[in-house]
Each structure stands twice: as C-alpha cells, then as structure tokens.
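Participant: build me a model from this:
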Amino acid sequence: MQAPGIPILVVGRRVGELLAIDIPSVEQVLNVQASRAGLPAPAGGPLAAGMGTLVLGEACMVFGAAVVVLARARAADIPDKAAEIAAYLGLGADEARLAIPLFTQATAWGSPLDGAAALAAYFDPDPRVKMMAKTIVARLEPRRTRRPIAHVRTADYEHPLDRAALAAVRSVTGVETALRKLSELGAEKAEAIENLAGCVRVGQAQFPELYALFCDAVEMLQMPRMPELYMKAMGPGAYTIGVEAPRVVLSYALPSLFTRDELLFVMGHELGHIRSGHAPFSMLRYFLPQLAELVGQATLGIGALIGMGMQAALLDWYRKSELTCDRCGLLVCQNSDAALSALMKLAGAPVAYYRQLNLDAFIAQADDFDKLDVSALSRLFKFGRALENDHPWPAVRARELVRWIRAGDYERLVGKTAGGAECPGCRGPLTSEDVFCSGCGMRAAGYRDGNVAVASAPRSSTLVAETDTRKPTDTVACPHCGGEIKAAARLCKHCKQVLAGTPTRDADGE
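Facilitator: All right, here's what the predicted structure looks like:
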C-alpha cells in the first residue's frame, strides 16, 4: 500500500494541470511538498483509476481538498474532473456524486483563487474541508458496510400472505383480459405524461445526492434496469408504477422528514414491488375503476359487477404485498430501527417529537390491536375498516416486520452469500474459496491445513494533516499483494499473509 503522501502529491500535480497553472509554479509547490514528505515529486498526466487507493477517510480528505480548490478556482466541468480524481483514489462514481455538491459549496467561501495560490490551498486545506470530509465519511461508511443481498431471491423473503393473495387474484375470472385491455388503452403512457408534467425528475443534474442514494438501493438489488425517480407534491409516502418503464415516485416531504437509512428503506420497499413483478397487478388495481366503468357501459352493468369482485381481490393482495416489500426495504437499508421509525413517521409521528420516538410502544399497539379479536363484532369492524385502505395499518406492518426479524429469517438472508457461508467469529460473509475471514482473521470452520507467512506492514505516514479517519469496516489495499481487504482485517484473504501484530486463530480457537 502506498504512503498517503504519494497519492496526495499525484493529485496535487493533476489539480495544477487541470487548472492550467504554469509548469514552473506547479513544480515549485510540488518540490517543496515532496521534500517535506521525503518523497520524489510525481510525474504528470491523467490519473489511472485505482492507482492511488486510500482508506475511506483519507480518500475523502484528499478528494475534498481537490474539489474545493477546483470550485474556488472556478474550474469548468468540475464533475468530470472530480470523477477522474475520485476513481484514482478508489472512490466509486456514485460516492463522488454524493460528495461533490457538499464540497462545491466552497465557491461561496471568498474570492476566487488562481495560480500557485490555488495549489497551495490544496496542500493546506481549509478546516471546513476536514469537517465536510468527516460528514462524507459518515454518509459513505454505512453504505460500504452493508452486506450484499443481490443473490437473495424474492421467494426467500416473500410474505406467505402475499403469495396466497396473488394466487387468488390470478384465479379471478377476467384478470388476464383486464391486463391486456389496460395495455391496449395505453394507461402506462398516460401516467408517464403525468409524471413528466407534474413531478420533478431526479437525476445526476437534479438532486444528485438523493439520486446517488437511489442508485445505491438499485445497486444493492442488482436491478436489471434503472427505474426513473420522481418527487411529487403529495402527503408523506411513495408509490411505484409502470411495467415497461417502471417509475418510483416519492413525496417531496420525505427527504426533509426521513433520515438517510429511512429513505433507503422506502426506496428499497418501492424497488421491491418492481423486483417481485407486482407492477402489472398494481397498474390494474390503480386503473380498474375506470376500466370497469367502461366495460360496464358496454355490458349493461355485468362487467362492472365482475370488476367489483376483481377490485376486492386486488386490494386484498396489494395490502399483503406491502408486507413483502417492507422486508425488501429492510434488506436494502439493513437498519431495523430505521425501518420501524419510518413506518412510525408514516403513521403520524409529529416532527417536533422525532427525538422521542418509542418503537417498542409503537409495536405494542399492534398487540393491542390483535386483542380486539375477542369478539365477533370487533372482528367485523376490523375487517370493514381494513377494506377501506390500500395499505396495511403501519403498526401492523411494524409488527409483521419484527416477527420476521425475531424468527431469524432476516439475519439468515443478510448473512447468506452466493455459494458461501457465514464466519463463525464475526458473522461476516464467507465465499466458498475463503480459508480465513477477511473481517476478523478467523480460520473458516473445518479448515485444518496451510501455513501462513507473517510479514510486517509498517504504518504509512501522511502528508495532509488529519487525513486518517479510518474505520474498521473501510476497505484498504493489502500491503503485500494489493488485494482489497477490510481495514480491521487480520489476514489478507487473497495472499493469506497475516498483517503485522495480528495473531491468527481458527474456528476452534487454536
């Protein structure tokens, strides 16, 4: 692994080139900085992706210092320039998009910089850069530590009530005909026009931080295509619509009311509808009243009667499909408290008291709700009120999610790996090729062979002050083979070399 000073110098030279600073001025600043660090001055030219990989805290610090200088020097095409620097430092494209809006606030910090003054500001960053870098680390760290779930099948988390209700819908006479008729009438195109005309489309140029979070959720689920994301002026909530071109629509209030993980839960929930193939039946539920009216006029009311039965079956299924998608949302955000607090906020928790949310008391509401079943009249009232809603009651959704978690199914799925198992020490994922866990260094269960060489890995010095905000779950390069490992790893899973000062133990403590 390179000393952090090397990537810092390389990025500094590239910043000078991107700002078209005269070569002698760049050389003068670089020589001074390289001499202080005891390193040679780097050559110029474009940056190669991944060649200056640093731990997350250091990468954000260097990236931030570079983007701030570009912003204060009023450079053109900052996103493109920043993308090159981010790729060199080992930051992903989505991570860079998430960070750029924060760092470009530096344009308001004072008068523009130019020449050698701009490059000097890169090597001696403003304290505000360090604060912003820490903010970005706080946002990116949970994103990097979530366990992959793309290999988890929808059948693995599908709620049994959802499965049974969808089978009942398919058995209703006329459903297939209604689906074909809906397609012929172009209902999806009409809704697409409504989204384009009445909503705000989110993308790289519009709310890039929110779009990066949405891309994160899509990437977690490895969706075959990227749905469009829209913001709409409506009450807190979200919905998904579209078969040929699926679209997720969020209330414009959610980013102000929800935390990052709560937003991920909602996004994962909506993407769950797409992943589970709910879209055709959701569209039918949405447009069936208008379709039944048209058919009823042509069939002297008979079609409308059939439509009433179909609508009841669709509403019953849709309520139960929400339970499946809540599970998908939790798999994406991987924060059970955030999932439950999101449901509580949707139920009506006042903004002024968000700090006092009591999730246990909220879940207990559902238990009290179940106690109403003691009488036939109460059961009748519950059934009648449920028919009026297209979503289950939030307290019931929370209870169902908690039951799934307590049953151990959630942990089993997030601990599951494609063709692998779970580490007996830290419960991190293991692939079928792993001999040791890259997270804690424990030998995989059943492995009793192999000698491991021990080599020292001296701690690298740093050039930019306070860049090392490394977390145990950050990914770094192995000092021996360059393979990607966790910062807390005791042993490289690629070359099997033990990192200095970290004794190896196996599953039996040997």
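Participant: and the gap between the nearest residue to Lys345 once chain neighbours are set aside and Pro208?
Facilitator: In space, Lys345 comes closest to Leu257 once its chain neighbours are excluded; the distance is 6.0 Å by Cβ to Cβ, 6 or more residues apart in numbering. C-beta coordinates here come from the backbone N, C-alpha and C atoms, glycine included. Taking Cβ to Cβ, to the nearest Å as the measure, Leu257 falls 20 Å from Pro208.
Participant: who has more neighbours, those two?
Facilitator: Between Leu257 and Pro208, counting by other Cβ atoms under 10 Å, Pro208 is the more crowded of the two (20 against 16).
Participant: so who does that one touch?
Facilitator: Remark: with contacts taken as Cβ atoms under 8 Å, 6 or more residues apart in numbering, Pro208 is in contact with 97-98, 100-101.
Participant: kindly recompute the last result at 6 Å.
Facilitator: Contact partners of Pro208, counting by Cβ atoms under 6 Å, 6 or more residues apart in numbering, are 97, 101.
Participant: what residues sit buried inside stretch 165-175?
Facilitator: Applying a neighbour-count criterion of 16 or more other Cβ atoms under 10 Å, the buried positions in stretch 165-175 are 165-166, 169, 172, 175.
Participant: how far off centre is that stretch?
Facilitator: Centroid separation for stretch 165-175 versus its chain: 34 Å, with Cα atoms, centre = their mean, to the nearest Å.
Participant: before we move on, what about stretch 261-274?
Facilitator: Averaged over its C-alpha atoms, stretch 261-274 has a centre that lies 9 Å from its chain's centre (Cα atoms, centre = their mean).
Participant: just the CA atoms of it, as CSV, please.
Facilitator: The C-alpha atoms that make up stretch 261-274 are tabulated as CSV, following Å, rounded to 0.1, in the frame of the first residue of the first chain:
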residue,chain,number,x,y,z
ASP,A,261,-31.5,4.9,6.2
GLU,A,262,-35.2,5.6,6.4
LEU,A,263,-35.1,6.9,2.9
LEU,A,264,-33.2,3.8,1.8
PHE,A,265,-35.9,1.7,3.5
VAL,A,266,-38.6,3.5,1.5
MET,A,267,-36.6,3.2,-1.8
GLY,A,268,-35.9,-0.4,-1.2
HIS,A,269,-39.6,-1.0,-0.5
GLU,A,270,-40.7,0.5,-3.8
LEU,A,271,-38.0,-1.3,-5.7
GLY,A,272,-39.3,-4.5,-4.1
HIS,A,273,-42.5,-4.0,-6.0
ILE,A,274,-40.6,-4.0,-9.3
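Participant: domains in this protein, by residue range?
Facilitator: When the chain is parsed with automatic domain parsing, its domains come out as 5-145, 154-412, 419-510.
Participant: let's have the buried residues of stretch 165-175 in a markdown table, adding pLDDT.
Facilitator: Converted to a markdown table, these look like this (pLDDT from 0 to 100):
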| residue | pLDDT |
| --- | --- |
| Ala165 | 90 |
| Leu166 | 89 |
| Val169 | 85 |
| Val172 | 79 |
| Val175 | 73 |
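Participant: of these, which is the nearest to Trp404?
Facilitator: The shortest gap between Trp404 and any of the buried residues of stretch 165-175 belongs to Ala165, at 17.1 Å (Cβ to Cβ).
Participant: just give the nearest non-adjacent residue to that closest one, would you?
Facilitator: Setting aside the residues directly before and after it, Ala165 is nearest to Trp317 in space (Cβ to Cβ, 6+ apart), at 3.8 Å.
Participant: which helix or strand contains that neighbour?
Facilitator: With the criterion set as DSSP states H and E, the secondary-structure element containing Trp317 is helix 302-333.
Participant: can you give me the buried ones in that helix?
Facilitator: If you call a residue buried by 16+ other Cβ under 10 Å, then helix 302-333 has these buried ones: 303-304, 306-307, 310-311, 313-333.
Participant: picking that back up, most tightly packed of the domains of the chain?
Facilitator: Comparing these by mean neighbour count (mean count of other Cβ atoms under 10 Å), domain 5-145 ranks first with a mean of 19.
Participant: correct me if wrong, but Gln28 is in a strand.
Facilitator: No - with the criterion set as DSSP: H, G, I helix; E, B strand; the rest coil, the secondary structure at Gln28 is helix rather than a strand.
Participant: for Arg36, see how far away it is.
Facilitator: Shown here: Gln28 relative to Arg36, a distance of 13 Å by Cβ to Cβ.
Participant: before we move on, what about Val249?
Facilitator: Taken as Cβ to Cβ, the spacing of Val249 relative to Arg36 amounts to 54 Å.
Participant: list the contacts of Ala116.
Facilitator: Here Ala116 is in contact with 25, 29 (Cβ under 6 Å, 6+ apart).
Participant: could you list the low-pLDDT ranges of the stretch 101-250 of the chain?
Facilitator: Across the stretch 101-250 of the chain, residues meeting the criterion (pLDDT under 70) sit at 142-143, 174, 177, 180-187.
Participant: just the terminal-to-terminal distance for stretch 117-131.
Facilitator: Taking Cα to Cα, to the nearest Å as the measure, stretch 117-131 stretches 22 Å from start to finish.
Participant: quick one: contacts of that stretch?
Facilitator: The list of residues contacting stretch 117-131 from outside it, by Cβ under 6 Å, 6+ apart, reads 12, 15-16, 19, 29, 33, 64-65, 68-69, 73, 113, 466.
Participant: can you give me the strands for this structure?
Facilitator: According to DSSP state E, the chain carries its strands in the segments 200-202, 228-232, 238-241, 247-251, 421-422, 429-430, 475-477, 484-486.
Participant: check which helices and strands the first one sits against.
Facilitator: Which is strand 200-202. Helices and strands touching strand 200-202, as assessed by 3 or more Cβ pairs under 6 Å, 6 or more residues apart in numbering; DSSP states H and E, comprise strand 228-232.
Participant: who does the strand it packs on touch, helix- and strand-wise?
Facilitator: Secondary structure elements in contact with strand 228-232, counted by 3+ Cβ pairs under 6 Å, 6+ apart, are strand 200-202, strand 247-251.
Participant: list the contacts for His273?
Facilitator: Residues counted as contacts of His273 (Cβ under 6 Å, 6+ apart) are 240, 325.
Participant: hmm, 8 Å instead?
Facilitator: Listed by Cβ under 8 Å, 6+ apart, the contact set of His273 reads 240, 279, 282, 321, 325.
Participant: can you tell me how far it is from Glu194?
Facilitator: Shown here: His273 relative to Glu194, a distance of 18 Å by Cβ to Cβ.
Participant: quick one: the closest residue to Pro112 other than its chain neighbours from Leu196, how far?
Facilitator: Take Pro112 and drop its neighbours on the chain: the residue closest to it by Cβ to Cβ, 6+ apart is Arg74, 5.2 Å away. Counting by Cβ to Cβ, the separation of Arg74 from Leu196 is 34 Å.
Participant: which intervals of this structure have sub-threshold pLDDT?
Facilitator: In the predicted model, the chain carries pLDDT under 70 at residues 1-4, 142-143, 174, 177, 180-187, 288-309, 372-390, 416-484, 486-510.
Participant: leaving aside the residues adjacent along the chain, what's closest to Gly203?
Facilitator: In space, Gly203 comes closest to Tyr211 once its chain neighbours are excluded; the distance is 5.5 Å by Cβ to Cβ, 6+ apart.
Participant: err, Lys81, not the other one
Facilitator: For Lys81, ignoring the flanking residues on the chain, the nearest one in space by Cβ to Cβ, 6+ apart is Leu18 at 5.2 Å.
Participant: measure the one you found to Ala76 for me?
Facilitator: 10 Å.
Participant: can you check Gly110 too?
Facilitator: 20 Å.
Participant: cool, and Ile405?
Facilitator: Spatial separation of Ile405 from Ala76 under the definition Cβ to Cβ is 50 Å.
Participant: stretch 88-99: end-to-end distance?
Facilitator: 15 Å.
Participant: distance from that stretch to the middle of the chain?
Facilitator: Relative to where its chain is centred, stretch 88-99 has its mean C-alpha point 14 Å off (Cα atoms, centre = their mean).
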